[in-house]
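Participant: Okay, sequence plus prediction incoming.
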Amino acid sequence: MQDTLFTVNGETETFGIIGNPVHHSLSPEMHNASFRALGMNCIYVPLPVTDAHKGVEGLKALGFKGVSVTIPHKQDVIPDIDNIDPVAEKIGAVNTLLIKGRGIKAEKTVYGYNTDWLGANRALEEKISLKGSRVLILGAGGSARAIGFGLLEAGAEVVISNRTINKGESLASRLCCRFCPLDELDQVKADILVNATSVGMVPEVDNTPVPGELLTKFSVVMDIVYAPLQTRLLREAEAAGCQIVDGLAMLLYQGAAQFELWTRKEAPLNVMQEVLYRRFK
Ligand code: ATR
């Protein structure tokens, strides 16, 4: 029997992900399941792209409505954006494009957003109010930067810590917040700990960024690592009585925010969650 929700025809709206590589991305499965659940005539495809500028020109010419942007193009796409969201501009990285302009001949306008910080904030806000919270972020790469700017946006107070001191100090100075060396973490007072490093990720699953005995002071501990889903950090945080937020929560909510920007419909969180957690159970 034909699955009518699966039909691709002249009316189908197209979405996708550009990056290199993209074959491992969970976004196609997550967004296609959502379109099907809501009975929308839309499709989302993985698009391996080496040149961001040519990629965006191609998407405009082909009438794509929206795309996710992943490594290595989150910065490279910025010159091709007509209208960038102010927080994405501060972060200096875009992971979502919305392309407006109806009809093949219409002039297209490209809007750029960063939903990584929205995902992190929403995942944390399920556990704790961010306004006025003190957050210790471990890491100074792209993820730490998006999460840091996002938390400041929500009214939280941020402290950065990082293995390489000059990188950590430089991010802290961009965020106008304090830097703390890793070996002085016992002196930091914070409600929330966010691991925005890759420490604890497979294959080095026995590593953890913070000694277990320091975890009791945090109410909430979030890890951006999702392979494994239950990192050593999260296991020790749970044992220390903290509420925990796993790495798929940020992925889920950043995807939900993309879906909502593209479709103006509420994302079917249960469907997205089922797709993501099925892969990592
Ligand atoms: P992303 O874009 O995901 O943030 P990244 O830019 O490569 O990735 O940043 C990775 C972060 O993890 C960095 O803060 C890195 O610390 P350094 O600045 O010192 O390199 C941190 N990181 C990676 N491996 C680490 C390890 N074994 N111990 C401590 N920090 C580590």
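Facilitator: That came through fine.

Participant: The helix ranked longest in the chain - contacts with which helices or strands?
Facilitator: Of all the elements of type helix in the chain, the one with the most residues (DSSP state H) is helix 247-263. The helices and strands touching helix 247-263, judged by 3 or more CB pairs under 8 Å, 6 or more residues apart in numbering; DSSP states H and E, are helix 27-37, strand 66-69, strand 96-100, strand 109-113, helix 116-125, strand 220-223, helix 269-280. All C-beta atoms are positioned from the backbone trio N, CA, C, and that covers glycine.

Participant: how about the ones you listed in CSV, adding distance to the ligand, mean pLDDT and mean neighbour count?
Facilitator: Written out in CSV, the entries for those read as follows (distance: least, CB to the nearest ligand atom, whole Å; pLDDT from 0 to 100; neighbours: other CB atoms under 10 Å):
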stretch, distance to the ligand, mean pLDDT, mean neighbour count
helix 27-37, 16, 97, 20
strand 66-69, 13, 98, 26
strand 96-100, 16, 98, 22
strand 109-113, 18, 98, 19
helix 116-125, 10, 98, 24
strand 220-223, 12, 98, 26
helix 269-280, 18, 94, 16
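
Participant: Could you export those to a markdown table, including columns for distance to Arg174?
Facilitator: A markdown table is the format used below for the helices and strands packed on helix 247-263 (distance: least, CB to CB, whole Å):
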| stretch | distance to Arg174 |
| --- | --- |
| helix 27-37 | 28 |
| strand 66-69 | 21 |
| strand 96-100 | 22 |
| strand 109-113 | 19 |
| helix 116-125 | 14 |
| strand 220-223 | 21 |
| helix 269-280 | 31 |
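
Participant: quick revisit: which parts of the longest helix of the chain count as buried, going by neighbours?
Facilitator: Neighbour-count burial for helix 247-263, with 16 or more other CB atoms under 10 Å as criterion, is recorded at 247-259, 261-263.

Participant: What angle do helix 269-280 and that helix make with each other?
Facilitator: Orientation note: helix 247-263 sits at an angle of 140 degrees relative to helix 269-280 (axes from the mean of the first three to the mean of the last three CA atoms, to 10 degrees).

Participant: Could you count how many residues lie near Arg128?
Facilitator: Not Arg; residue 128 is Ile. Taking other CB atoms under 10 Å as the neighbour definition, Ile128 ends up with a count of 16.

Participant: cool, and Asn114?
Facilitator: Look at Asn114: counted by other CB under 10 Å, it has 27 neighbours.

Participant: what sits against it?
Facilitator: For Asn114, the contacting residues are Asp85, Val87, Ala88, Ile91, Ala93, Val94, Asn95, Thr96, Ala146, taking CB atoms under 8 Å, 6 or more residues apart in numbering as the criterion.

Participant: Residues of the stretch 151-281 of the chain that sit close to the ligand?
Facilitator: Taking CB under 6 Å from any ligand atom as the criterion, the neighbours of the ligand within the stretch 151-281 of the chain are Asn162, Arg163, Thr164, Lys167, Ala196, Thr197, Ser198, Val199.

Participant: Quick check: the first one touching Ser170?
Facilitator: Put plainly, it is Asn162. No. Assessed by CB atoms under 8 Å, Asn162 is found out of contact with Ser170, at 9.4 Å.

Participant: about what we covered before: from the residues of the stretch 151-281 of the chain next to the ligand, keep the buried residues only.
Facilitator: Of the members of these, the ones counted as buried by neighbours, 16+ other CB under 10 Å, are Asn162, Lys167, Ala196, Thr197, Val199.

Participant: Just flag the most distant two among the residues you listed.
Facilitator: Lys167 and Val199 (14.8 Å; CB to CB).

Participant: Any idea which residue of the protein lies closest to the ligand?
Facilitator: Nearest residue of the chain to the ligand, counting by CB to the nearest ligand atom: Gly141, 2.2 Å away.

Participant: Dihedrals phi and psi, the closest residue to that residue other than its chain neighbours?
Facilitator: Excluding the flanking residues, the one nearest Gly141 by CB to CB, 6 or more residues apart in numbering is Ala196, at 7.0 Å. Its backbone dihedrals place Ala196 at phi -110, psi 30, with angles given as degrees, to the nearest 10.

Participant: Lovely, talk soon.
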